[in-house]
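K.L.:
model this:
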Amino acid sequence: MSQLLHVTNGDSLNDRLLAMQVKGDYAVWRELLCEGKTVANLASEEFRAARISFFESNYPEHAGSYDDIFGSQLAIVADAHLYEEVVLWFEYDLFCHINMLACISFLRAINYKGIVSLVCSGRVSGEKELKGLSQLSDQQLLAHYKDKTTLTKHDIFLADDLWRLYCGNDHLKLKPQRAKDTSFTYLSNCISAHKERFPHVQSGLNTLETNMLRLIRKYEIKSEKQLCGYMLNYQGYYGYGDIQLFKMITRMRPFFILENDVLTLTEESNNILDKGKNVFQKIAYSCNLGGVSKYDYTYDENNHQLTKL
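P.N.:
Sure, this is the predicted structure:
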């Protein structure tokens, strides 16, 4: 039996760990399960069909190679019984945490009996901002690896349960407090961030869409590319990539204009921020978040609660 299987959150980190000669075999988790319809059983044809359909509609350049990109790596994880320990390398954000929950659920589904441990970035001594794994030095990565967390049976059960809830039709059961007394330092923050992906009851925009308008109003932003850069830096716990954020910017174009070489909010957008104008009907588009539509719920920022529509 081999000793270690590393499941990394992307090719960039995977290549670094290989270059650093961190011992073990590797699988790369090349998915973005925070977007689109998901199915709890990752080994099922239903899951594969749902994900390929999502990619065909949203990232068609990747749909045809889905089995090579993700399926081949999932097959490596499916052989986890060959290893004494599976080490998960995932970051503190929502993007990574949903992938992490799915991976842990998959390991539980195949009845993996070995050790499951977690290397998670986030707070770093001497740093003010949370750091992703790719932002760490080699020395810091090795220190994180040395201090990796061994997940308990309760951690694994909870991760599986939350993944199944995420894939289900009742997201009212996804509560941040469920992450208390677990080894997942940032999970409660990620569940809260997920709730804020639903449209605010006051405006019809979600937190990221609202923050985009605030960034445009606060800073002198001269292009959509620059706007994407600001959103990458000020997105908090979401962990979205530039491709995802550019798609959001494209959807939000009715709410800003380029005026005198500076992005400027429309009058309607200022009314959203200042007077609570609701644009729910205008902004709505087809979008699944796990097992539900983005527009199945509204979020009330006053009490941080979801309401099912």
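K.L.:
could you use CA atoms for every contact and neighbour count after this?
P.N.:
Will do.
K.L.:
ends of stretch 168-185, how far apart?
P.N.:
Using C-alpha to C-alpha, to the nearest Å, the end-to-end distance of stretch 168-185 comes to 24 Å.
K.L.:
contacts for that stretch?
P.N.:
Contact with stretch 168-185 is made by 149, 151-152, 154-155, 162, 165-166, 187-192, 290-292, 306-308, as judged by C-alpha atoms under 8 Å, 6 or more residues apart in numbering.
K.L.:
buried ones from these, can you make that a ChimeraX selection?
P.N.:
Here is the ChimeraX command that selects the buried residues among those (16 or more other C-alpha atoms under 10 Å):
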select :149,151,155,162,165,166,187,188,189,190,191,192,290,291,292,306
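K.L.:
shaky segments in the protein?
P.N.:
Residues of the chain meeting the criterion pLDDT under 70: 1-2.
K.L.:
swap the cut-off to 80 and go again
P.N.:
For the chain, the stretches with pLDDT under 80 are 1-2, 125-126.
K.L.:
in it, which residue sits furthest out from the middle?
P.N.:
Distance from the C-alpha centroid of the chain, by C-alpha atoms, centre = their mean, peaks at residue 260 (35.8 Å).
K.L.:
now do that residue against residue 244, distance only.
P.N.:
Noted for residue 260: a distance of 27 Å to residue 244, by C-alpha to C-alpha.
K.L.:
all strands in this protein, in order from the N-terminus.
P.N.:
2-8, 25-28, 36-37, 83-90, 115-120, 149-150, 256-259, 262-265, 288-290, 292-293, 297-300, 305-308 (DSSP state E).
K.L.:
export those strands to a markdown table and tack on distance to residue 107?
P.N.:
As requested, the strands of the chain are exported to a markdown table (distance: least, C-alpha to C-alpha, whole Å):
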| stretch | distance to residue 107 |
| --- | --- |
| strand 2-8 | 11 |
| strand 25-28 | 13 |
| strand 36-37 | 21 |
| strand 83-90 | 9 |
| strand 115-120 | 9 |
| strand 149-150 | 14 |
| strand 256-259 | 45 |
| strand 262-265 | 47 |
| strand 288-290 | 19 |
| strand 292-293 | 24 |
| strand 297-300 | 31 |
| strand 305-308 | 30 |
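K.L.:
identify whichever of the ones you listed lies nearest to residue 60.
P.N.:
Closest of the strands of the chain to residue 60 is strand 36-37, at 13.4 Å (criterion: C-alpha to C-alpha).
K.L.:
contacting residues around the closest residue to residue 27 other than its chain neighbours?
P.N.:
Closest residue to residue 27 apart from its sequence neighbours, by C-alpha to C-alpha, 6 or more residues apart in numbering: residue 7 at 4.9 Å. Shown in contact with residue 7 (C-alpha under 8 Å, 6+ apart): 26-29, 77, 86-89.
K.L.:
a markdown table for the residues you listed, including distance to residue 103 and neighbour count?
P.N.:
Listed next are the contacts of residue 7 as a markdown table, based on distance: C-alpha to C-alpha, whole Å; neighbours: other C-alpha atoms under 10 Å:
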| residue | distance to residue 103 | neighbour count |
| --- | --- | --- |
| 26 | 14 | 20 |
| 27 | 11 | 21 |
| 28 | 11 | 23 |
| 29 | 8 | 26 |
| 77 | 8 | 24 |
| 86 | 11 | 27 |
| 87 | 11 | 21 |
| 88 | 9 | 23 |
| 89 | 11 | 25 |
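K.L.:
nearest to residue 55, of the residues you listed?
P.N.:
Set against residue 55, the nearest of the contacts of residue 7 by C-alpha to C-alpha is residue 29 (15.8 Å).
K.L.:
hmm, residue 8 and the closest one touching each other?
P.N.:
Yes. Residue 29 lies in contact with residue 8 (C-alpha atoms under 8 Å); the separation is 6.0 Å.
K.L.:
about what we covered before: ok, the contacts of residue 7 vs residue 267, which is closest?
P.N.:
Among those, residue 29 lies closest to residue 267 (C-alpha to C-alpha), at 43.0 Å.
K.L.:
so how far is residue 189 from the residue lying closest to that closest one once chain neighbours are set aside?
P.N.:
For residue 29, ignoring the flanking residues on the chain, the nearest one in space by C-alpha to C-alpha, 6+ apart is residue 9 at 5.3 Å. From residue 9 across to residue 189, the span is 19 Å (C-alpha to C-alpha).
K.L.:
residue contacts, the residue most central in space within the chain?
P.N.:
Central residue of the chain (C-alpha atoms, centre = their mean): residue 95, 1.3 Å from the mean position. For residue 95, the contact set (C-alpha under 8 Å, 6+ apart) comprises 32-34, 238-240.
K.L.:
likewise for residue 288?
P.N.:
Residue 288 neighbours (C-alpha under 8 Å, 6+ apart): 35-37, 294.
K.L.:
cutoff 6 Å now
P.N.:
Residues near residue 288 by C-alpha atoms under 6 Å, 6 or more residues apart in numbering: 36-37, 294.
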